[in-house]
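Chemist: the following comprises the amino acid sequence and a computationally predicted model.
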Amino acid sequence: MANLTTDFIGIKSPNPFWLASAPPTDKEYNVRRAFEAGWGGVVWKTLGSEGPPVVNVNGPRYGAVWGADRRLLGLNNIELITDRPLEVNLREIKSVKRDYKDRALIISLMVPCDEQSWKDILHRIEDTEADGVELNFGCPHGMAERGMGSAVGQVPEYIEMVTRWVKQHSRMPCIVKLTPNISDIRKPAEAAKRGGADAVSLINTINSITSVNLDSFSPEPMIDGKGTHGGYCGPAVKPIALNMVAEIARSPETHGLPISGIGGVTTWRDAAEFMALGAGNVQVCTAAMTYGFKIVQEMISGLSQYLDEKGMASTADLVGRAVPNVTDWQFLNLNYVTKAQIDQDACIKCGRCYAACEDTSHQAIAMKPGRVFEVMDDECVACNLCVNVCPVENCITMVEMPKGAVDPRTQTPVGDYANWTTHPNNPSVAAE
Amino acid sequence: MTNSPLTPGIVPSRLPADRIARNFADHTPPLDAHEALVAADRCYFCHDAPCVTACPTSIDIPLFIRQIATGTAESAATTIWTQNILGGMCARVCPTETLCEEVCVREVAEGKPVEIGRLQRFATDTAMARGLHPFTRAAPTGKTVAVVGAGPAGMACAHRLALHGHDVVVYERRAKPGGLNEYGIASYKTTGGFARREVDWLLQIGGITIKTGVELGRDISLDGLLALHDAVFLGIGLGGVNALRASGEDKAGVTDAVDFIAELRQTTDLTTLPIGRDVVVIGGGMTAVDAAVQSKLLGAENVTIVYRRGQEKMGASTYEQEHATSAGVRIICNAAPVAVHGNGAVREVEFGYMADTPEGLKATGETFRLKADQVFKAIGQTLTGAPDGAALEGGKIAALPARVWAGGDCTGGGEDLTVTAVAQGRDAAEDIHMFLRG
């Protein structure tokens, strides 16, 4: 059995599956249930400053996007940070940590952007024995209007400044949670690193309106006829999160900066993908909110089985394995030539590949009598759309042409690796 | 209750009322809204979809299913009705397992087709429940057309003609319109008086008058109709039933399956409908199955279908056969009736085993007898009452005088199905419309 124990910036946990700072981690009751279910760690729901806690709306906090059979694909929320008194949260954190010393317990923090506020809150959490802090620079709704959350996360200078305060006034490991509501995710990550962050976690939720009620013309979730943008999460955001994680992992400025991957992790496979792209562990929220805490059991067994099958002894063997393969478009091999191939035995003759290719692509699939669909290699540009719309897995595959073979579309032999940087059509090449 | 399945003779009330009610409830219950979404999501929206080709009325099935999937069942119904104005009935009675669903790519791939029939019912039921009739009659043309027979062919023809602005008079020999939708077809396939409701709904187009109790050849003649109307459409169905050609066929208790089904369909309290203890149904088509299954559901102890050829040649689909056997009906193949025995009333039917040889069916010489107090003949219907001037071919109307069209079971071309009749009635209406426009 592969060893799932992870050491993330010195914080040990029996597995790399943490619950993200969110509604499931707002109370001792929930967190104890999570640990009993097997979660390796918990990032406690974001604490604010001393004093009267924030309030939440009393109408719906969540909006959703569903797939077939009401499968929850995306969730959006307008819940703020914890609305429970600071001292209650601190007492509960201490109580839980005392009973679950082997689990990671991180405290998420969000206080106004001044040094004293951060100094105060760090002082207050000192004796909880929590393993670290996560700075919530991510939440895009509500708190951002008060100059916190993503309002900080969108200004790299603020991130650097606050991170520096935190490192200065605390000995705890510090994770900076990044907002994806920004044009270049590398900038805030670099700022966090400059400020002394031990790690970054990403992504926080994405600004979103999940739907519009076409009777009342209010955005969802609707509060008394009005709606506001909320934070989007769940399976729908995973591709965006994967890219952002990869950008940080492969950037020379931030390469090696530990990453806690967040964004639509629903199964062990999602977690493995984040880890392959450089995440040292993952944080989960929507999947737990959809199915309950028990899903961690599948994540643990699935990741173990995968690591065993790959001959990997621990998660460390997996982390970052895909990073070297993430590159810029300009370095992609233009002499990698493939052609779609339809397995006629597997084909169920729905014709979706034909409709897609004929209407929207390159007219490279022929429809023959008897609903036989065949790829015309002399037209196929290998775009892969037919593969993606085919309802039968592996019915259409992209077959690589061997080196030297003549591509019937271009009438040129498949050559050695060559990319855009040396391509004759590239103006910057021609200029030289 | 005084009787049981074991009571001898042809008697009512073999089963308690609640059991009868259960037995004759909707055989395929409607999908609820969520089930419909899930079922609709399974459709692949095929290019040039095989299901559309397989549908005699060429309903754009992928389109209407997508309309259901996106929460617009009313638009889906419009898509259906544009091609098939009796789409509600067809959704219930079409042998989809041999039509659209048989060629569904998911049937090919997984043996589990998209539930096209049930989805069609969901769409049409939803729209009908909202009182939707999404068609508006064109300005009156001043032309009138006689439609003979208020069955599926006639009503489809009438609706399309009325839509184009023509005035239509439908002449129907029975007391109610609907044809086999009203008087044929197993009751559990179309519950709740749907046949009548659908006709009433269809008539909302306006411009259609139905005259019931009027029979061609008895009360009216084709020449008379041609004198009154600009064109005539014949949708007279098949009024006759083939004889057994076995001795003793005239004994009491031997009747036509279609009459039994018609009586059953018109009986409001099925506990009053008498049925035999030992019922024998002779034939291999849908009528045989409908008669046999309903006999069983009424409480007959033993019900046997006897068919003269092999099972693979039965007119009833495999799905229908399985439905019969699961209802407790026994199916005997390769046996033909030789004689009906009994003293006044049938007591036994004698059958001879048959061999299907290249030279035709041949008796093997071996015989057996089945106990029977009721026998239903379901060995095919025949055309009766075709007017003078109609040329017949293979027992069906093949050619007609000028200004006369025909469709449905009384004509050839296609199977004798509701959906085929609708297609033929609709297409004849378009022809008539072209003719009337000049």
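Modeler: Noted; the coordinates are in hand.
Chemist: is it true that A:Pro16 touches A:Ala271?
Modeler: Yes. Counting by C-beta atoms under 8 Å, A:Pro16 touches A:Ala271, with 6.8 Å between them. For glycine as for every other residue, the C-beta is placed from the backbone atoms N, C-alpha and C.
Chemist: identify the residue spatially nearest to the residue of the stretch 1-150 of chain B found nearest chain A, adjacent ones excluded.
Modeler: Distance from chain A to each residue of the stretch 1-150 of chain B (C-beta to the nearest C-beta) is smallest for B:His47, at 3.1 Å. Excluding the flanking residues, the one nearest B:His47 by C-beta to C-beta, 6 or more residues apart in numbering or on different chains is A:Gly351, at 3.1 Å.
Chemist: part of a helix, is the residue of the stretch 1-150 of chain B closest to chain A?
Modeler: No. Counting by DSSP: H, G, I helix; E, B strand; the rest coil, B:His47 falls outside a helix, being coil.
Chemist: wait, it touches A:Cys357, no?
Modeler: No. Using C-beta under 8 Å, B:His47 makes no contact with A:Cys357, being 10.1 Å away.
Chemist: got a pLDDT number for A:Glu28?
Modeler: The model reports A:Glu28 with a pLDDT of 98.
Chemist: tell me the domain ranges of chain A?
Modeler: A:6-325, A:332-419 (automatic domain parsing).
Chemist: so which strand or helix has residue 340?
Modeler: You didn't pick a chain, so chain A it is. strand A:338-342 (DSSP states H and E).
Chemist: wrong chain, I was asking about chain B
Modeler: Short version, using DSSP H and E: B:Val340 is in strand B:335-341.
Chemist: show me the strands in the stretch 151-300 of chain A, by range?
Modeler: Under the criterion DSSP state E, counting those that start in this stretch, the stretch 151-300 of chain A carries strands at the ranges A:174-177, A:199-202, A:206-208, A:211-212, A:219-220, A:230-233, A:259-262, A:279-284.
Chemist: quick one: the ones you listed as JSON lines, columns for distance to chain B too.
Modeler: Listed next are the strands of the stretch 151-300 of chain A as JSON lines, based on distance: least, C-beta to the nearest C-beta, whole Å:
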{"stretch": "strand A:174-177", "distance to chain B": "36"}
{"stretch": "strand A:199-202", "distance to chain B": "33"}
{"stretch": "strand A:206-208", "distance to chain B": "21"}
{"stretch": "strand A:211-212", "distance to chain B": "12"}
{"stretch": "strand A:219-220", "distance to chain B": "15"}
{"stretch": "strand A:230-233", "distance to chain B": "22"}
{"stretch": "strand A:259-262", "distance to chain B": "30"}
{"stretch": "strand A:279-284", "distance to chain B": "27"}
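Chemist: close enough to count as contact, the residue nearest to B:His47 and A:Gly370?
Modeler: No. When contacts are counted by C-beta under 8 Å, A:Gly351 is not listed as touching A:Gly370 (11.9 Å).
Chemist: so the two - more neighbours on which side?
Modeler: Counting neighbours by other C-beta atoms under 10 Å in any protein chain shown for A:Gly351 and for A:Gly370 shows that A:Gly351 has the greater number, 22 against 6.
Chemist: need the phi and psi values for that one.
Modeler: phi 80, psi 10 (degrees, to the nearest 10).
Chemist: next one: it relative to B:Leu119, how far apart?
Modeler: A:Gly351 sits 20 Å away from B:Leu119 when distances are taken as C-beta to C-beta, to the nearest Å.
Chemist: show me which residues of chain B are close to chain A?
Modeler: Within chain B, the positions near chain A by C-beta under 8 Å from any C-beta of the partner chain are B:34, B:37-38, B:41, B:44-50, B:105-106, B:108-109.
Chemist: before we move on, the earlier item: in its sheet, what does the strand holding A:Ala340 sit against?
Modeler: Strand pairing for strand A:338-342, using DSSP bridges, gives strand A:396-400 (antiparallel).
Chemist: list the buried residues for the partner strand?
Modeler: A:Ile396, A:Thr397 (16 or more other C-beta atoms under 10 Å in any protein chain shown).
Chemist: contact partners for the closest residue to chain B within chain A?
Modeler: Residue nearest to chain B within chain A: A:Gly351 (3.1 Å; C-beta to the nearest C-beta). Each residue near A:Gly351 by C-beta atoms under 8 Å, 6 or more residues apart in numbering or on different chains is listed here: A:Met367, A:Arg371, A:Phe373, B:Cys46, B:His47, B:Asp48, B:Ala49.
Chemist: need the buried ones from those selected in PyMOL.
Modeler: In PyMOL, selecting the buried portion of those, with burial taken from 16+ other C-beta under 10 Å, looks like this:
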select buried, (chain A and resi 367+371+373) or (chain B and resi 46+47+49)
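Chemist: now the contacts of A:Gly351 as JSON lines including pLDDT?
Modeler: As requested, those are exported to JSON lines (pLDDT from 0 to 100):
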{"residue": "A:Met367", "pLDDT": "98"}
{"residue": "A:Arg371", "pLDDT": "96"}
{"residue": "A:Phe373", "pLDDT": "98"}
{"residue": "B:Cys46", "pLDDT": "96"}
{"residue": "B:His47", "pLDDT": "96"}
{"residue": "B:Asp48", "pLDDT": "95"}
{"residue": "B:Ala49", "pLDDT": "97"}
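Chemist: now distance to A:Asn136 too, for the contacts of A:Gly351, in a markdown table please.
Modeler: Shown next, in a markdown table, are those (distance: C-beta to C-beta, whole Å):
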| residue | distance to A:Asn136 |
| --- | --- |
| A:Met367 | 55 |
| A:Arg371 | 55 |
| A:Phe373 | 52 |
| B:Cys46 | 49 |
| B:His47 | 49 |
| B:Asp48 | 54 |
| B:Ala49 | 51 |
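Chemist: what parts of chain A come near chain B?
Modeler: Neighbours of chain B within chain A, by C-beta under 8 Å from any C-beta: A:68-70, A:348-352, A:354-355, A:367, A:371, A:391-392.
Chemist: looks to me like B:Ala398 is in a helix.
Modeler: No. Counting by three-state DSSP, B:Ala398 is not part of a helix but strand.
Chemist: right, and it touches B:Leu392 too?
Modeler: Yes. B:Ala398 is within contact range of B:Leu392, at 6.2 Å (criterion: C-beta under 8 Å).
Chemist: residue at max distance from the center of the chain?
Modeler: If you meant another chain, say so; for now it's chain A. Each residue of chain A has a distance to the centre, and by C-alpha atoms, centre = their mean the biggest one is for A:Pro369: 45.9 Å.
Chemist: I was after chain B.
Modeler: B:Gly365 (36.1 Å).
Chemist: need the three-state assignment for that residue.
Modeler: Going by three-state DSSP: B:Gly365 is strand.
Chemist: check contacts around it.
Modeler: By C-beta under 8 Å, 6+ apart, the neighbours of B:Gly365 are B:Gly352, B:Tyr353.
Chemist: measure it to B:Tyr353 for me?
Modeler: In terms of C-beta to C-beta, B:Gly365 sits 8 Å off from B:Tyr353.
Chemist: just to revisit the earlier point, list of residues touching the strand holding A:Ala340?
Modeler: A:353, A:364-365, A:373-375, A:377, A:380, A:382, A:384, A:386-387, A:395-401.
Chemist: hmm, A:Ala236 is touching A:Gly263, no?
Modeler: No. Applying C-beta under 8 Å, one finds A:Ala236 not in contact with A:Gly263, separated by 9.5 Å.
Chemist: who has more neighbours out of these two?
Modeler: Neighbour totals were compared for A:Ala236 and A:Gly263, and A:Gly263 leads with 33 against 21 (other C-beta under 10 Å).
Chemist: that one and B:Glu182, how far apart?
Modeler: The value you get for A:Gly263 to B:Glu182, if C-beta to C-beta is used, is 60 Å.
Chemist: try A:Arg146
Modeler: Distance of A:Arg146 to B:Glu182, given as C-beta to C-beta: 71 Å.
Chemist: equivalent analysis for B:Met314, please.
Modeler: For B:Met314 relative to B:Glu182 (C-beta to C-beta), the value is 26 Å.
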